[in-house]
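**Student:** the sequence and its predicted three-dimensional model are supplied below.
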Amino acid sequence: MDRRDLMKLGAGALAAGLANTGAAAAAPNAQPATTAPATAAIEQWGMFELTLAGPSAGNPFLDTHFGARFTLGHRSMEIKGFYDGEGRYMVRFSPDELGKWRYETTCNQKELAGKSGAFDCVPAKAGNLGPVGVAHTFHFQYASGKPYFPFGTTCYSYGFVGSPVDQITLDDMVRVGFNKVRICVLPKSLGKRKPVSMPFESIGAVVEPNQENDWKTPVAARFDLTRPNPAYFAHFEQRILDLQKAGIEADLILFHPYDAHGFSAMGEEADDRYLRYVIARLSAFRNVWWSVANEFDLVKSKSMKDWDRFFRIIQEEDPYSRLRSIHHSKVIYDHSKPWATHASLQEYDFEKSPERFRAWNKPIIYDEIMYEGNIPSRWGNLSAAEMTHRFWRAIVNGAYATHGETFKETDGIPVWSDAGKLHGQSGERITFLRKLLEATGTTGLTAAENPYYSNAFNLDQTYLWYFDYHCLCEYEFPLPEKVSFKATVIDVFDLTKTPLAGTFSGKRKIELPGKPYQAVLFEKA
């Protein structure tokens, strides 16, 4: 059984035991409402949400084109809305500028056009740092200006696995301290569990897939691909909101090859329609990122032209320009293309980061560096020490990494990076590194050229050496001559920090513990 088959089996063991958005109108499943009151106040980077009652006859997903024009002074933004079922039409808007925004709805149905109102965009509350974007070419920061270091994990099925597993998943992400998670929008098989629902209206009974009936019946014969299922997406977006409240970015995987229902082979027209619906519905959540695909080169129903087209659609349809990437299995995408904001890689050859930076001129996240776990497959049995080691290697090479785990429970049922309780020991060590970086005040580190031992720096401010497996008793550090630094010796696995007395500059020899997994951090005194 190959990796793709393993992933399609899903998290069978999950069955064994396991912010306020600033919305001015009703929640996603509320009854139709009229325009929001003019006195409503929405915080910067929050969400204004308008729900109107309209026609439900025919196929509103195809027949009705609803949206709104939002204006602030001379600035104007056209925002597409979406149909939420049962006669509800919604439009969501995330204001990025303070002041009084006015809006007027647009629609090809007379009863939904010309509805107007206004709201005040007020300063963001504590905990709302705004969306994350690229900064300083190779790094990230919140719109508020605070540096953002992506230290995430992988929970493919978090958005559709259902209760109580989704809450268990969130609780563990918060406990460990991850600040990003990669999740699939379209469902994958969950073994003994079933997704909460399907993303499209079914035609007849939904047949649960297995090894024999997988893809035997075309997806269009089992689902009406012109009718998204609002209940599925309402559940999914609540999970995004839960992540937002917890300060976790949601890296949404739009397509994947672990597809037991045929949604990876819907056809060009249905693919594009699905993308436009998802973008209209989810782009206003400030913590959303777009990952066009996971292992795009394993989705055999699509060509490179399709992937490029999907990027262009996201660029055109997303009014906020959320972060955009695509993840590979064997064939690395050309991340120099202008629509990719950063590179998402399934590699762990971190030493190649400098040449990739030169080729792509954008940030790199090694989103799959194998998994901490104990399963027989080579990609799924890293030790906690090795997973932690790989994160440190990413950082001292000027890049970032993403965690995942694949453990086998005592009952013999495999657990994948789907959802549920984390079993590994690397998570707290990964968060230790994130907090270490955040405390330095750096905007991001640049890898040293041709280093004797791996190190990265923020010129004349911060220098970080990592000695990985080497057991040094001492080392002479080549620091800047005219800057004084304080020094801390770090044990990256035992999570200890030992400040050294005095200050350091120029070439200075320092005694070290003679153990593996040691690092030394120098900060301007």
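**Tutor:** On my side now, so go ahead.
**Student:** how close does residue 450 sit to residue 351?
**Tutor:** Residue 450 is 11 Å from residue 351, where distance means C-beta to C-beta, to the nearest Å. Glycine gets a C-beta too; all of them are placed from N, C-alpha and C.
**Student:** who has more neighbours, the two?
**Tutor:** residue 351 (11 against 6; other C-beta atoms under 10 Å).
**Student:** in three-state terms, label that one for me.
**Tutor:** helix (DSSP: H, G, I helix; E, B strand; the rest coil).
**Student:** name all residues that make contact with it.
**Tutor:** Residue 351 sits next to residue 397 when contact means C-beta atoms under 8 Å, 6 or more residues apart in numbering.
**Student:** and the residue nearest the centre of the chain, what are its bridge partners?
**Tutor:** Centroid-nearest residue in the chain, with C-alpha atoms, centre = their mean: residue 251, separated by 1.7 Å. For residue 251, the beta-bridge partners are residue 182, residue 289 (DSSP bridges).
**Student:** could I get the pLDDT score of it?
**Tutor:** For residue 251, the model assigns a pLDDT of 98.
**Student:** likewise for residue 213?
**Tutor:** 46.
**Student:** residue 23 too?
**Tutor:** 37.
**Student:** what segments of the stretch 251-400 of the chain are helices?
**Tutor:** 268-282, 304-317, 353-360, 384-396 (DSSP state H, counting those that start in this stretch).
**Student:** ok, residues contacting the longest one?
**Tutor:** Think helix 268-282. Against helix 268-282 from outside (C-beta under 8 Å, 6+ apart): 61, 80-82, 90, 92, 185, 199, 220, 225-226, 228, 233, 237, 240, 252, 254-255, 266, 288, 302, 306, 309-310, 313-314, 317-318.
**Student:** also stretch 489-499?
**Tutor:** 384-385, 388-389, 392, 428-429, 432-433, 436, 466, 486-488, 500, 510, 512-513, 515, 517-521.
**Student:** let's see it at 10 Å
**Tutor:** 384-385, 388-389, 391-392, 425-426, 428-433, 436, 464-468, 486-488, 500, 510-513, 515-521 (C-beta atoms under 10 Å, 6 or more residues apart in numbering).
**Student:** would you mind measuring the gap between the ends of it?
**Tutor:** 6 Å (C-alpha to C-alpha, to the nearest Å).
**Student:** list the buried residues for it?
**Tutor:** Within stretch 489-499, the residues that qualify as buried by neighbour count (16 or more other C-beta atoms under 10 Å) are 489-490, 492-493.
**Student:** hang on, the earlier thing: for PyMOL, write a command that selects the buried ones of the contacts of stretch 489-499.
**Tutor:** Per 16+ other C-beta under 10 Å, the buried members of the contacts of stretch 489-499 correspond to this PyMOL selection:
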select buried, resi 384+385+388+389+391+392+426+429+430+431+432+433+436+464+465+466+467+468+487+488+510+512+513+516+517+518+519+520+521
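**Student:** inside strands: which ones of the contacts of stretch 489-499?
**Tutor:** Among the contacts of stretch 489-499, the ones falling in strands (DSSP state E) are 464-466, 486-488, 510-511, 518-521.
**Student:** return the member of these nearest to residue 370.
**Tutor:** residue 466 (18.9 Å; C-beta to C-beta).
**Student:** quick one: contacts for that closest one?
**Tutor:** 389, 392-393, 395-397, 433, 453-456, 490, 492, 517-521.
**Student:** how does it look with 7 Å?
**Tutor:** 392, 396, 454-455, 519 (C-beta atoms under 7 Å, 6 or more residues apart in numbering).
**Student:** what's the answer for residue 509, then?
**Tutor:** Taking C-beta under 7 Å, 6+ apart, one finds 474, 476 in contact with residue 509.
**Student:** where are the low-confidence patches of the stretch 351-500 of the chain?
**Tutor:** 410-416 (pLDDT under 70).
**Student:** I'd say residue 196 and residue 235 touch.
**Tutor:** Yes - with contact defined as C-beta atoms under 7 Å, residue 196 counts as touching residue 235 (5.3 Å).
**Student:** could you give the average pLDDT over the lengthiest strand in the chain?
**Tutor:** Identified as the longest strand of the chain according to DSSP E is strand 99-107. What strand 99-107 shows for mean pLDDT is 98.
**Student:** show me what that strand is packed up against.
**Tutor:** strand 66-72, strand 116-122 (3 or more C-beta pairs under 7 Å, 6 or more residues apart in numbering; DSSP states H and E).
**Student:** so which bits of that strand are buried?
**Tutor:** Applying 16+ other C-beta under 10 Å to strand 99-107 flags 101, 103, 105-107 as buried.
**Student:** show me the contacts for the residue nearest to the centre of the chain.
**Tutor:** Residue 251 neighbours (C-beta under 7 Å, 6+ apart): 152, 180-182, 289, 291.
**Student:** cutoff 10 Å now
**Tutor:** By C-beta under 10 Å, 6+ apart, the contact set of residue 251 is 150, 152, 154, 180-183, 287-291, 294, 323, 325, 327, 344, 365, 367, 402.
**Student:** circling back: out of the helices of the stretch 251-400 of the chain, which one sits most buried?
**Tutor:** The highest mean neighbour count among the helices of the stretch 251-400 of the chain, using mean count of other C-beta atoms under 10 Å, belongs to helix 384-396: a mean of 22.
**Student:** let me know the angle separating it from helix 353-360.
**Tutor:** Inter-element angle recorded for helix 384-396 and helix 353-360: 50 degrees (by axes from the mean of the first three to the mean of the last three C-alpha atoms, to 10 degrees).
**Student:** number the chain from 681, please
**Tutor:** With the count now opening at 681, the last piece we talked about shows up as helix 1064-1076.
**Student:** I'd like the next helix or strand past helix 1064-1076.
**Tutor:** Counting by DSSP states H and E, the next helix or strand C-terminal to helix 1064-1076 is strand 1080-1082.
**Student:** which other helices and strands does that following strand contact?
**Tutor:** strand 831-834, strand 860-864, strand 1044-1046, helix 1064-1076, helix 1107-1120 (3 or more C-beta pairs under 10 Å, 6 or more residues apart in numbering; DSSP states H and E).
**Student:** distance between it and the chain's centre?
**Tutor:** Remark: strand 1080-1082 is offset 11 Å from the chain centroid, using C-alpha atoms, centre = their mean, to the nearest Å.
**Student:** now stretch 863-875
**Tutor:** With C-alpha atoms, centre = their mean, you get 17 Å for stretch 863-875.
**Student:** and the end-to-end length of that stretch?
**Tutor:** 14 Å.
**Student:** avg pLDDT for it?
**Tutor:** On average, stretch 863-875 scores 88.
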